[in-house]
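Colleague: Test case, fold it:
(2 chains)
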Number of protein chains: 2
Amino acid sequence: MGLSKESVSRYFQRLQDDICNSLEELDGKGKFHEDKWNRPDGGGGRSRVILGDDIEKGGVNYSAVHGAMPEKITNALGINPCEFYATGVSIVLHPRNPWVPIIHMNVRYFETSTGIWWFGGGIDLTPHYIIPELARDFHNHLKKACDAHDMNYYPRFKNWADDYFFIKHRDETRGIGGIFFDRLQEEDGHTKESRFDYVKEVGESFVPIYTHQLSKTREMIPHEDNHTWQRLRRGRYVEFNLVWDRGTKFGLDTNGRTESILMSMPPQANWVYDHKPINDEKAQYTLSKLKKGIDWTTYTGAGA
Amino acid sequence: MGLSKESVSRYFQRLQDDICNSLEELDGKGKFHEDKWNRPDGGGGRSRVILGDDIEKGGVNYSAVHGAMPEKITNALGINPCEFYATGVSIVLHPRNPWVPIIHMNVRYFETSTGIWWFGGGIDLTPHYIIPELARDFHNHLKKACDAHDMNYYPRFKNWADDYFFIKHRDETRGIGGIFFDRLQEEDGHTKESRFDYVKEVGESFVPIYTHQLSKTREMIPHEDNHTWQRLRRGRYVEFNLVWDRGTKFGLDTNGRTESILMSMPPQANWVYDHKPINDEKAQYTLSKLKKGIDWTTYTGAGA
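Modeller: Down below sits the predicted model:
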């Protein structure tokens, strides 16, 4: 029989609890507000939002939904009508300080009544200003987590993240990427259990990764110009999520709970026509590095 | 032979000039900045942006682009490969004062080398706070412009706007609607010339309509709460344009000029998780009226 959907979803609930506890402790001020919700067609979730000190606005969602698979999805996947079950944890944290990066994490499990199942997930970082050492730390942290399970994971999932977190109409990556993976099934010598072990490792690496990134940046003093730049980058984050992110689009298209889906929106975003950061070298440097294919694990280039 | 694409596009250029001149005069402070741009595959445009006093951020775009019709469009329309020509004027104005409505106008003409042509366009209003008398004035102004050409235009195009400017994931209309029309061809007793006459009437009604709306609201004194609400409504505007607006999606998907397409973005937008305007009756009233099917031309209900 093996791993049941119930045990995956119980694990995801505990993961949400652990991450929320850690983030409250890390922030020192904000407390999560929880909304429990039910999906009319089956299942539900726990949406938690924090308005904190370091974390200006953050969302940590858990959900486990089930029901008849929408026809447009069975068609798209080329499978027969069936029931589905989907559970996961999803996080976006928007920091107050523009020197602190925006972080996103997702782990998810999907199965059908006809025996199909897979895991998906990822972690990616969107610094308003790229700091080379911290970009390197971030990717090495992910690489280590991946390498413990499969030496092919990091290179594959790093490239996948570059392709996924790409703002096509800006010809920019959303940030410095990270890892993204989907449809991890029983193949390449992996079992359901070993896939799950990997997903757990990704989920549990979130807090140490964010703790490190935050501790290195939270004391940096922002100027008003840095906040202005932050709000413009948050505009790009909105553009990615609303125009390109398949998860967001799928949720909005299929009558998901809008407030839970759009917890990823920043508290504030600005748009300035044809903006160029002519007096901000660190912003220029950042723009020059929002590209696919940079090997951040060995990046030794100087910052701005 | 009749009306040529060149004469339509020349008219749209003059319309852009006239509207920009009127808006500068109306605003009293802002001046349009113009960027001329070329489309690599044919044609180009003139994007004009104003950062004014009443108009915090406004864009008035003219374009005339041509080239080989993208295959995915010929497939979608079920027509043979051909050349296309598309020209139009597009406007979005975001006012500084939350009592002044956001306004949008578009007029456009499309033809193919195989002899297909049509006109499209519309005007719609997004008040941050709905003021019943001004909603009535707006729709009556549009109705009058429509009725001069075809008594069926206003009812048809009013419903079309209700359906088009709809934020499905919020179950809200974007604002109080207006008129929206597309693919007006030679039918129902209309000629190319009579369709064009109507489109001209729509284009030329923009300035009087906005002048009236602005003159009735510009002196109203906003409180900080009203600005907070305005930024949340601007968030909804962003959601509509990036998630649902077909014009925006088409442009971003087909490598249009991003900065011209996204001139419709507000200067600033905010998101608050699960916000409800519990202490703002006028905001509550507004939300209660963001519905399809309201006959604003005869609306006599009191405001908040």
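Colleague: distance of the closest residue to A:S194 other than its chain neighbours from A:V207?
Modeller: In space, and not counting its chain neighbours, A:S194 is closest to A:H149: 7.0 Å by Cβ to Cβ, 6 or more residues apart in numbering or on different chains. (Each C-beta comes from the backbone N, C-alpha and C, glycine too.) Here the criterion is Cβ to Cβ, to the nearest Å. By it, A:H149 lies 19 Å from A:V207.
Colleague: Then A:R236?
Modeller: Distance, A:R236 to A:V207, by Cβ to Cβ: 26 Å.
Colleague: Equivalent analysis for A:P98, please.
Modeller: Distance of A:P98 to A:V207, computed by Cβ to Cβ: 22 Å.
Colleague: Show me how far stretch A:46-63 is from its chain's centre.
Modeller: Here the centre of stretch A:46-63 is set off from its chain's centre by 13 Å, with Cα atoms, centre = their mean, to the nearest Å.
Colleague: swap in stretch A:161-181?
Modeller: 12 Å.
Colleague: End to end on that stretch, go ahead and measure it.
Modeller: 8 Å (Cα to Cα, to the nearest Å).
Colleague: Now the helix-or-strand element of chain A with minimal mean pLDDT: buried residues?
Modeller: The helix or strand of chain A with the lowest confidence, counting by mean pLDDT, DSSP states H and E, is helix A:71-77 at a mean of 81. By 16 or more other Cβ atoms under 10 Å in any protein chain shown, the buried positions in helix A:71-77 come out as A:T74.
Colleague: Same check on stretch A:270-288?
Modeller: Buried-residue list, stretch A:270-288, by 16+ other Cβ under 10 Å: A:N270, A:W271, A:V272, A:Y273, A:P277, A:D280, A:K282, A:A283, A:Y285, A:T286.
Colleague: for chain B, what are the nearby residues on the stretch 1-150 of chain A?
Modeller: Neighbours of chain B within the stretch 1-150 of chain A, by Cβ under 8 Å from any Cβ of the partner chain: A:H33, A:D35, A:V49, A:K57, A:G59.
Colleague: Now the third one, what are its backbone angles?
Modeller: Right, the one you point to is A:V49. Per-residue torsions, A:V49: phi -130, psi 140 (degrees, to the nearest 10).
Colleague: how close does it sit to B:K249?
Modeller: Distance from A:V49 to B:K249, by Cβ to Cβ: 29 Å.
Colleague: neighbour-wise, which of these two wins?
Modeller: Neighbours were counted for A:V49 and for B:K249 using other Cβ atoms under 10 Å in any protein chain shown; A:V49 has more, 21 against 15.
Colleague: ok, now which ones touch that one?
Modeller: A:F32, A:H33, A:K57, A:G58, A:G59, A:V60, A:M263, B:Y273, B:D274 (Cβ atoms under 8 Å, 6 or more residues apart in numbering or on different chains).
Colleague: Now restrict those residues to buried residues only.
Modeller: The buried subset of the contacts of A:V49 (16+ other Cβ under 10 Å) comprises A:F32, A:K57, A:G58, A:G59, A:V60, A:M263, B:Y273.
Colleague: just the helices in chain A please.
Modeller: With DSSP state H, the ranges of helices along chain A come out as A:5-27, A:71-77, A:132-147, A:153-164, A:192-217, A:224-239, A:246-253, A:258-261, A:281-288.
Colleague: Same list, those helices, but as CSV with distance to B:L15 please.
Modeller: Below are those laid out as CSV (distance: least, Cβ to Cβ, whole Å):
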stretch, distance to B:L15
helix A:5-27, 53
helix A:71-77, 41
helix A:132-147, 49
helix A:153-164, 42
helix A:192-217, 50
helix A:224-239, 29
helix A:246-253, 35
helix A:258-261, 38
helix A:281-288, 36
